[in-house]
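> What follows is a protein structure lacking sequence information:
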């Protein structure tokens, strides 16, 4: 499912594509999933889980919120760059075909960001709508994929970090963290 | 391209009218087909739409269709391009006008929101149906993203900001696309102009910082 969506988009993927790539029979497919949509939902769930794990492992409880958000964003972009197929599945055409996935992404990310900035469990005040920042990040990644550069997702790191920090941390803090992320990226001499 | 987007939206040649110059009939057939592909794919979804559906809606024969277009996708992408050309033209009028950059940017945003709100059907076709066409979606997305990023870059001008983020214009285009897309998917395209203040702020912040963005947001609220 992930491979086929990455290669030919969700809309164009058929059950035949999926079973051929998985080397299973149609019967086996239908034992596990009701239809293409159910299989897609499971694949999205898997990808979101992977990203959440990467993000959670990247920062520690003592980190200030901006720094924690930067580390989490860096880990997620790194994980997506390492497995471009996941990035393509997550930000591909599927959002249009199945708009409900946007809600799933948000549930997976926005509360986690809020938690970083919240004190005593109160919801933090937002500078900009985190949902907007999330959409912007999706568009950036989608464009990188559409341009045929899924392996260069790390180039987007300064912008993605900016978008992750700015809703609750504000513009100046977001720029600071974005600069920091740019430095780390260069120092790490990641594949550019 | 001589296609008029207004025609694309509303054009109907009175049925049974004859004696028109051949060239004009062909042009009108093309326009009818383009208008039809918008209506039909929004109503039925791209996948379920057949060339026959488009012909029925347009009142055009199959042979004429294949003289003008290769297939359903070709027809759809032609209609998409006309709408994108029109959007770009209208944004340019506001963006290339005189005045400080934040103000020109805010006025351009207002034009964009109005453009999508005026015709929710075309908005849905433009943003949502396109993404269901399969692999051709990525190429079109890439081209349109590049087109509007360049438009924004070109208009920064000498008095414009020099944002620290290298992809600030990409972020701005992304902000507009993502926000409008969501409203359109929810069937709320007609309410888009109400988003102007919020979107003005989010759009401008990466370029000009919080203070200037707030000022423009207030101006957007005042209308």
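Yep, that arrived. Only a predicted model underlies this, so the values are computations on that prediction, with no experimental measurement involved. Numbers count the residues shown, from 1 in each chain, chains lettered A, B, ... in the order given.
> mind checking pLDDT for residue 50?
Let's take chain A. pLDDT recorded at residue A:50 is 90.
> you looked at the wrong chain, it should be chain B
96.
> can you tell me how far the nearest residue in space to it that is not next to it in sequence sits from residue A:82?
Leaving aside its sequence neighbours, residue B:50 sits nearest to residue B:72 (Cβ to Cβ, 6 or more residues apart in numbering or on different chains; 7.3 Å). Glycine gets a C-beta too; all of them are placed from N, C-alpha and C. To residue A:82, residue B:72 is 38 Å away according to Cβ to Cβ, to the nearest Å.
> related to what we said a few turns ago, there's contact between the residue nearest to residue B:50 and residue B:49 in this structure, I believe.
Yes - between residue B:72 and residue B:49 there is a contact at 6.6 Å, judged by Cβ atoms under 8 Å.
> list residues touching both of these two?
Contact criterion Cβ atoms under 8 Å, 6 or more residues apart in numbering or on different chains; residues shared by residue B:72 and residue B:49: residue B:37.
> Which secondary structure element is home to the closest residue to chain A within chain B?
For chain B, the residue closest to chain A is residue B:178, as judged by Cβ to the nearest Cβ, at 2.4 Å. Using DSSP states H and E, the element containing residue B:178 is helix B:168-185.
> Of all the residues in that helix, which ones are buried?
Neighbour counts over helix B:168-185 (16 or more other Cβ atoms under 10 Å in any protein chain shown) mark B:168-185 as buried.
> And stretch A:76-89, by the same measure?
Quick answer for stretch A:76-89 (16+ other Cβ under 10 Å): A:76-81, A:84-89.
> Do you know the pLDDT at residue 110?
Reading this off chain A. 89.
> that's the wrong chain, I meant chain B
At residue B:110, the pLDDT recorded in the model is 96.
> And for the nearest residue to it once chain neighbours are set aside, the neighbour number?
Nearest residue to residue B:110, sequence neighbours excluded (Cβ to Cβ, 6+ apart): residue B:196, at 5.6 Å. Residue B:196 has 22 neighbours, counted by other Cβ atoms under 10 Å in any protein chain shown.
> in which helix or strand would I find residue B:196?
Residue B:196 belongs to helix B:196-222 when elements are defined using DSSP H and E.
> separation between residue A:7 and residue B:77?
In terms of Cβ to Cβ, residue A:7 sits 21 Å off from residue B:77.
> got the contact list for the most centrally placed residue in chain B?
Among the residues of chain B, the one closest to the centroid is residue B:84, at 4.4 Å (Cα atoms, centre = their mean). Listed by Cβ under 8 Å, 6+ apart, the contact set of residue B:84 reads B:126, B:144, B:147.
> Export those residues as CSV, with columns for distance to chain A and pLDDT.
Output for the contacts of residue B:84, formatted as CSV (distance: Cβ to the nearest Cβ, whole Å; pLDDT from 0 to 100):
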residue, distance to chain A, pLDDT
B:126, 12, 93
B:144, 10, 93
B:147, 12, 94
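> from those residues, which single one is nearest residue B:222?
Nearest to residue B:222, judged by Cβ to Cβ, of those is residue B:126 at 29.6 Å.
> Am I right that that closest one is in contact with residue B:81?
No - at 10.5 Å, residue B:126 does not count as touching residue B:81 under the criterion of Cβ under 8 Å.
> Looking at those two, which is more packed in?
Counting neighbours by other Cβ under 10 Å for residue B:126 and for residue B:81 shows that residue B:126 has the greater number, 24 against 16.
> In contact with that one, which residues are there?
B:80, B:83-84, B:87, B:116.
> The helix holding residue B:196 - contacts with which helices or strands?
Judged by 3 or more Cβ pairs under 8 Å, 6 or more residues apart in numbering or on different chains; DSSP states H and E, helix B:196-222 is in contact with helix A:171-187, helix B:101-118, helix B:168-185.
> Tell me which other helices or strands the first one touches.
Yep, that's helix A:171-187 we're talking about. In this structure, helix A:171-187 packs against helix A:65-82, helix A:157-169, helix B:196-222, with contacts taken as 3+ Cβ pairs under 8 Å, 6+ apart.
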